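Enquirer: Here is the input, now give the coordinates:
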Amino acid sequence: MKIGTCVNFSSPEEIPAKLAVLKENGFDSCQLISWTPSVWTPENAEFLKKCLKQYGITVSAFWCGWNGPVIWNFYDGQLTLGLVPPEYRQMRIQNLCDGADFAHSLGISDVVTHMGFIPENPYDPNFHSFCVAVRTVAQHLKQNGQYLLFETGQETPVTLLRCFETVGMDNLGINLDTANLILYGKANPVDALDVFGKYVRNLHAKDGRYPVNGHDLGEETRLGEGKVDFRALFSRLKELGYDSHVTIEREISGPQQLSDILDAKNYLQAIIDEIYGGASC
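Expert: Numbers count the residues shown, from 1 in each chain. Have a look, this model is predicted:
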């Protein structure tokens, strides 16, 4: 089991320095995150491959953003995020397919994104049109031999499971964000594994607290200071046979971000060694 972190890709010039920081701090894997379709070019893919080889970094997944407005709350988020809003859907289908092709050129099999606030009511007309859109993207990825991973948070575990059943593709998976289910007030991540555990292919190790009002997400915290029970989480993941990547995500900026990520690495490594018998790396 490899512990990595996130690397944002918005311009190729920044990548060597970012990978150097990873290596200096003992990481050899990452999720590559990009919200900039203009940089998804063959030339940049070749440059990235050379840099990744130079620094000995494995990319566990490509986190694919999309064009249009992005507002992370319970009100405007319903209208702006993912493939759920019909007015942005066709554009974002293309974004996800383009991002998947870019990832494929890098040899990356897992493509992650936020799909938005999936309707919980299966009779909502937008639920079925959304599932058609997901199927369109999944079919494109299938041709590349890739998986489409939903990052958890904006939907209940049962809604996510229902979506997978309705879409009916065998290349759908989950990027379990351990904090998002709490930050959005949707579930406890440990219990959620009882619903969709077999679909988890990657995870964001993140911590946080439940919402305290009906408009804003809960507060993200350092690992160990929020509501996620990481020992219980990894115990359940081991029961499910999960032995893949763990990606630390700390959504702050400045020097404290790296400090918290390094603390999280030590915190997680101790728990993983305890649960998995020291078999992680």
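Enquirer: which sections of the protein are below the confidence cut-off?
Expert: The chain contains residues with pLDDT under 70 at 278-281.
Enquirer: Contacts for the longest helix anywhere in the chain, please.
Expert: In the chain, taking DSSP state H as the definition, the longest helix is helix 255-276. By CB atoms under 8 Å, 6 or more residues apart in numbering, the surrounding residues in contact with helix 255-276 are 1, 3, 5, 21, 25-27, 205, 222-224, 230-231, 234-235, 238, 243, 246, 248, 250, 252, 280. Where C-beta positions appear, they are placed from N, C-alpha and C, glycine not excepted.
Enquirer: quick one: Glu251 and Glu219 touch, right?
Expert: No: in this structure Glu251 lies outside contact range of Glu219 using CB atoms under 8 Å: 10.8 Å.
Enquirer: Do you have the helices of the stretch 1-150 of the chain handy? List them.
Expert: 15-24, 42-55, 76-80, 86-105, 125-144 (DSSP state H, counting those that start in this stretch).
Enquirer: now for the last one, which elements pack on it?
Expert: What that stands for is helix 125-144. In this structure, helix 125-144 makes packing contacts with helix 86-105, strand 147-151, helix 157-167, judged by 3 or more CB pairs under 8 Å, 6 or more residues apart in numbering; DSSP states H and E.
Enquirer: Pick the most buried one from the ones you listed.
Expert: strand 147-151 (a mean of 24; mean count of other CB atoms under 10 Å).
Enquirer: could you give the angle of that one to helix 157-167?
Expert: 150 degrees (axes from the mean of the first three to the mean of the last three CA atoms, to 10 degrees).
Enquirer: Name the strands paired with strand 147-151 and say parallel or antiparallel.
Expert: strand 110-113 (parallel), strand 172-177 (parallel) (DSSP bridges).
Enquirer: Compute the inter-axis angle for that strand and helix 125-144.
Expert: Using the same axes, to 10 degrees: strand 147-151 against helix 125-144 is 140 degrees.
Enquirer: Now do strand 147-151 against helix 86-105, angle only.
Expert: Going by the same axes, to 10 degrees, strand 147-151 makes 130 degrees with helix 86-105.
Enquirer: and the residue nearest to Ala20 when sequence neighbours are not counted, what is it in contact with?
Expert: What sits nearest to Ala20 in space, not counting adjacent residues and going by CB to CB, 6 or more residues apart in numbering, is Tyr55, at 6.5 Å. For Tyr55, the contact set (CB under 8 Å, 6+ apart) comprises Pro16, Leu19, Ala20, Leu22, Lys23.
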